[in-house]
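**Student:** Any chance you could fold what I've pasted below:
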Amino acid sequence: MTEPPTVPPENTPPTVPQLDVRAAQPPSADTPPPTGGFADRPPGYPSALVWLRAGILRDWRGVLGAFVATWFYLPVALLLAFWGGLVFGVAGLLAIGSGADDQVPQALRDAPLIGSLIEAFLTRSGGLLGGVAGFAIGFLVGFLVVLTLPWLGVADEPFALLTGLIGTVIAAALIGVLYTLYRVLLEPRLLVVSGARQPSRREYARLRPVLDDCARRLGLPSVPRLLMEDDPVLSNARTYARHVVVTTAVLTEPDDEVAALLSHELVHWRTGDEITSAFVRGVGLPLTLAHALPTWLMRTFPHPGTNFVVFVFFWPVLLTMRYVVLPLHARDVRAAEYRADLGAVLTGHVDGLRRILERRLSFETGRSGWDEAVCATHPPHELRLDALERASLAGAPTGATEPVTVDQLFNSAGPVGTRRTWLLVGALTLVACLGTSGLGVVQWAFFRPQAAIDGYFAALADRDSDAALGYLTDQGSGADTKLLAQLLRGKGYRPPTDVEISSLEREGDSATATVAYRLGDARETTTLTLRREDETTAGLFHGWRLSGGPTPLNAAIADPGVRLNGVELPVATEGPPVVLLPGGYTATGPSSALSETPSATVLVGPGETAAVLQLAPVLKPAAIEAVEARVRAWLDECAKQTATNPPGCPFSYYSGSSSPQKVTWKILEYPKIAVELTGPASAQVSTPTQTQGTVEVSGTTTYFGTSSPFKDEDAFTVAGVATADGDDVAFRPATN
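**Tutor:** Numbering: from 1, shown residues only. Predicted coordinates for the structure are as follows:
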């Protein structure tokens with residue numbers, strides 16, 4: 001190209017500026033175009049990562065719109081909002097329309113003219129106003145329910161809410177990146193499926209030299225792969241990440257128009273505009289797939305009836321795409337079109353592009369204002385022509401736009417490639433790595449299954465019942481946890497010691513651990529199961545808990561005075577059940593003048609389902625002597641009787657028809673008694689057969705007026721009940 005002539009600034013004609021392009025030898029027509037490394041990336045990117053990053057981070061508005069619309073369920077929100085508005089609207093229409101006039105104060109209803117006007121107004125329009133208000137309220141309620149319902153469970157936990165949002169963002173970004181890679185790596189097969197084909201020799205010889213010349217003028221050492229689409233009517237070309245697809249109708253166009261068209265597409269390819277669009281679609285992939293079906297139906301079966309049926313079934317998806325996603329993404333797409341038009345300026349084919357745009361003005365028909373101004377992916381051609389005129393000024397006057405250069409178009413320092421951005425990204429990456437490492441350390445130290453087991457036994461060692469219950473899935477609801485805390489703090493409690501986790505196997509949200517410990521004087525081994533908590537700590541960590549709860553005490557405490565670790569236990573019929581945590585407990589029973597209860601040890605192992613308490617009172621040695629003394633005192637009182645049948649006494653004399661007189665009793669031998677406890681304060685007293693007592697009875701009998709002395713001996717036994725009476729023992733003989 002030659003230097004344009006110098007003319008006065010006030011009358012500068014449109015021309016092509018002097019280009020500082022790199023001389024590049026285009027590949028011959030017999031060899032395939034050179035590639036740019038990974039996925040045939042365009043030149044000018046030091047790595048595939050930079051290429052993908054430049055495209056992905058360009059359109060933040062489109063990414064935000066796709067993210068919000070998809071991951072906050074906007075189509076579902078619109079659907080529920082519509083039905084909510086419909087239900088509330090009908091309710092408001094009926095409620096307000098039927099009783100609106102009754103709400104008017106009586107004074108206004110009786111007022112001349114005013115009362116009639118108000119009543120007529122409410123009768124005819126009250127229902128309509130109520131319906132409109134009801135629809136608005138129902139629409140808002142339904143819409144907000146869908147937006148807030150997924151977050152209600154974590155709304156009271158700021159960290160959980162934050163991590164939920166971060167997780168959603170990461171998931172959307174990951175899907176977007178994977179979809180972008182899918183589109184880039186499988187682009188050749190996808191284009192073949194869509195109808196593109198390899199160019200013939202004649203088509204290749206016609207288009208390749210023009211493509212190479214445009215690339216040379218733009219300073220591009222390589223070009224994208226060229227494919228053809230059989231369309232003899234519409235002259236068009238589309239650029240993808242690795243290919244340029246040209247319709248066969250382009251072959252009939254003049255060379256300068258073909259060059260202008262290919263220059264435009266080369267800029268799209270070099271700047272990675274397809275990467276941007278693919279990432280936006282990937283972030284909203286569920287919504288993109290849901291929108292693809294109705295779009296395909298309306299495109300394949302172009303009929304008003306088909307469009308109506310499709311809209312009835314898919315209107316939430318169509319409206320979300322039309323009024324949320326497309327408007328935000330279309331802004332970047334229109335900017336990309338303006339930028340791609342500069343390719344024709346830099347290659348010197350402004351006139352060819354101008355003729356193309358002027359010729360296609362007739363095709364810009366009948367789109368609505370929303371489509372034209374907000375959703376249109378291509379700016380109006382008149383505005384593109386105006387931008388071409390401004391960009392092609394050779395000597396810009398004061399206040400005019402400076403001429404564009406290749407360096408400005410392809411290598412301009414933007415927010416993606418600045419040093420400050422790289423430092424910020426590096427700092428954020430370092431912080432993320434350190435934060436992730438720190439969170440991993442915290443997870444490993446405090447939120448592993450092993451940490452739950454260690455914490456459980458450590459709480460038992462500290463005699464902290466509340467902390468120990470916190471590690472159990474069943475925390476003893478309904479049990480007397482205050483009594484449990486007193487038992488652990490008692491002097492006789494001995495926690496498990498020498499705890500060692502010999503093995504642990506995890507499967508999903510459950511784990512099984514084999515734990516060895518020492519309880520009392522024995523070394524024991526048990527198997528514990530753990531469950532992963534559904535709720536999080538600080539919104540980040542899922543802890544573990546041991547399955548089960550505290551061990552119930554399997555003993556019916558019928559008498560008061562039973563103690564564990566010095567704490568008196570309630571009678572079984574009173575209050576909540578008694579529960580125990582693993583460890584050793586010292587049990588003592590009540591004591592009386594009659595009996596005493598030796599202390600016992602209750603050992604409760606981890607994971608046991610029941611703890612058994614067995615206390616057996618025994619007779620005090622001194623109590624037998626005391627009972628014998630009471631029995632002898634009672635017998636002595638009986639021996640003082642002068643009746644042949646002393647009441648309540650174990651012996652009597654039968655003399656037939658005679659009448660004994662001067663009867664005296666003498667105990668020759670006291671019986672040997674047996675005392676058997678029937679309770680802590682009662683005992684059964686009996687006389688074994690071989691240890692019966694002997695009593696002598698004497699006196700006189702009168703028989704036919706003659707008195708004669710008599711003396712007789714008899715054996716007797718003693719039976720009754722001995723009870724503790726304070727510090728003494730009482731005896732109550734059995735009644736015959």
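**Student:** Report the distance from the helix or strand harbouring G92 to the chain centre.
**Tutor:** Using DSSP states H and E, G92 falls within helix 74-99. Relative to its parent chain, helix 74-99 has a centroid offset of 32 Å by Cα atoms, centre = their mean, to the nearest Å.
**Student:** Show me what it is packed against.
**Tutor:** Counting contacts by 3 or more Cβ pairs under 8 Å, 6 or more residues apart in numbering; DSSP states H and E, helix 74-99 packs against helix 114-148, helix 304-320. All C-beta spots, glycine's among them, are computed from the backbone N, C-alpha and C.
**Student:** buried residues in the last one?
**Tutor:** When burial is assessed from 16 or more other Cβ atoms under 10 Å, helix 304-320 yields the following buried residues: V310, F314, W315, P316, V317, L318, T320.
**Student:** just the angle between the helix or strand hosting P286 and helix 304-320, please?
**Tutor:** Taking DSSP H and E as the definition, P286 sits inside helix 285-300. With axes from the mean of the first three to the mean of the last three Cα atoms, to 10 degrees as the basis, helix 285-300 and helix 304-320 are set at 160 degrees to each other.
**Student:** and helix 285-300, what does it pack onto?
**Tutor:** The elements that helix 285-300 packs onto, with contact taken as 3+ Cβ pairs under 8 Å, 6+ apart, are helix 60-71, helix 158-185, helix 304-320.
**Student:** Of those helices, give the one that comes closest to L140.
**Tutor:** Ranking the helices and strands packed on helix 285-300 by distance to L140, with Cβ to Cβ as the measure, places helix 304-320 first at 16.2 Å.
**Student:** quick one: contacts of that closest one?
**Tutor:** Counting by Cβ atoms under 8 Å, 6 or more residues apart in numbering, the neighbours of helix 304-320 from elsewhere in the structure are 69, 74-76, 78-79, 82, 287, 290-291, 293-294, 297-298.
**Student:** If we use 7 Å, what do you get?
**Tutor:** By Cβ atoms under 7 Å, 6 or more residues apart in numbering, the list of residues contacting helix 304-320 from outside reads A69, L74, P75, L78, L79, L287, A290, H291, P294, L297, M298.
**Student:** Give me the neighbour count for the second one.
**Tutor:** Other residues within reach of L74, judged by other Cβ atoms under 10 Å, total 25.
**Student:** Roughly how far does the closest residue to it other than its chain neighbours sit from V718?
**Tutor:** With sequence-adjacent residues excluded and distances taken as Cβ to Cβ, 6 or more residues apart in numbering, L74 is closest to T320, at 4.8 Å. The spacing between T320 and V718, counted by Cβ to Cβ, to the nearest Å, is 100 Å.
**Student:** Likewise for L388?
**Tutor:** Summarising the geometry, the distance separating L388 from V718, computed by Cβ to Cβ, is 132 Å.
**Student:** which of these two has more neighbours?
**Tutor:** Between L388 and V718, V718 has the larger neighbour count (other Cβ under 10 Å), namely 25 against 21.
**Student:** Pretty sure that one sits in a strand.
**Tutor:** No. Under DSSP: H, G, I helix; E, B strand; the rest coil, V718 falls outside any strand and is assigned coil.
**Student:** Next, the contact list for it, please.
**Tutor:** With contacts taken as Cβ under 7 Å, 6+ apart, V718 has the following neighbours: V631, P650, P671, I673, V685, T687.
**Student:** quick one: which of those residues sit in helices?
**Tutor:** When helices are assigned by DSSP state H, the members of these inside them are V631.
**Student:** which among the contacts of V718 gets closest to V132?
**Tutor:** V685 (96.1 Å).
**Student:** end to end, how far does stretch 453-469 reach?
**Tutor:** From the first residue to the last, stretch 453-469 extends over 12 Å; the measure is Cα to Cα, to the nearest Å.
**Student:** which SSE is V697 in?
**Tutor:** Taking DSSP H and E as the criterion, the element that holds V697 is strand 693-703.
**Student:** I'd like the next helix or strand past the helix or strand bottoming out on mean pLDDT in the chain.
**Tutor:** Least confident element among the helices and strands of the chain, by mean pLDDT, DSSP states H and E: helix 369-370 (a mean of 56). Moving toward the C-terminus from helix 369-370, the next helix or strand (DSSP H and E) is helix 381-391.
**Student:** what packs against the helix or strand just after that next one?
**Tutor:** Heading C-terminal from helix 381-391, the first helix or strand you meet, by DSSP H and E, is helix 406-410. Helix 406-410 is packed against helix 326-347, with contacts defined by 3 or more Cβ pairs under 7 Å, 6 or more residues apart in numbering; DSSP states H and E.
**Student:** contact partners of stretch 286-297?
**Tutor:** For stretch 286-297, contacts defined as Cβ under 7 Å, 6+ apart pick out A69, T70, P75, R281, T306, V310, F314, V317, L318, T320, M321.
**Student:** Quickly name whichever of those residues is closest to A611.
**Tutor:** T70 (55.8 Å).
**Student:** Of the helices and strands packed on helix 74-99, which shows the lowest average pLDDT?
**Tutor:** Taking the mean pLDDT of each of those, the lowest value is held by helix 114-148, a mean of 72.
**Student:** For the host helix or strand of S503, list every residue counted as buried.
**Tutor:** S503 belongs to strand 497-507 when assigned by DSSP H and E. Of the residues in strand 497-507, those scored as buried under the neighbour-count criterion (16+ other Cβ under 10 Å) are V499, I501, L504.
**Student:** That strand - contacts with which helices or strands?
**Tutor:** When contacts are defined as 3+ Cβ pairs under 7 Å, 6+ apart, strand 497-507 sits against helix 449-461, strand 510-519.
**Student:** Please determine how far G44 is located from A69.
**Tutor:** Going from G44 to A69 by Cβ to Cβ gives 33 Å.
**Student:** what pLDDT does N645 get?
**Tutor:** At N645, the predicted lDDT confidence score is 85.
**Student:** That one should be in a strand, yeah?
**Tutor:** No. According to three-state DSSP, N645 belongs to no strand; its state is coil.
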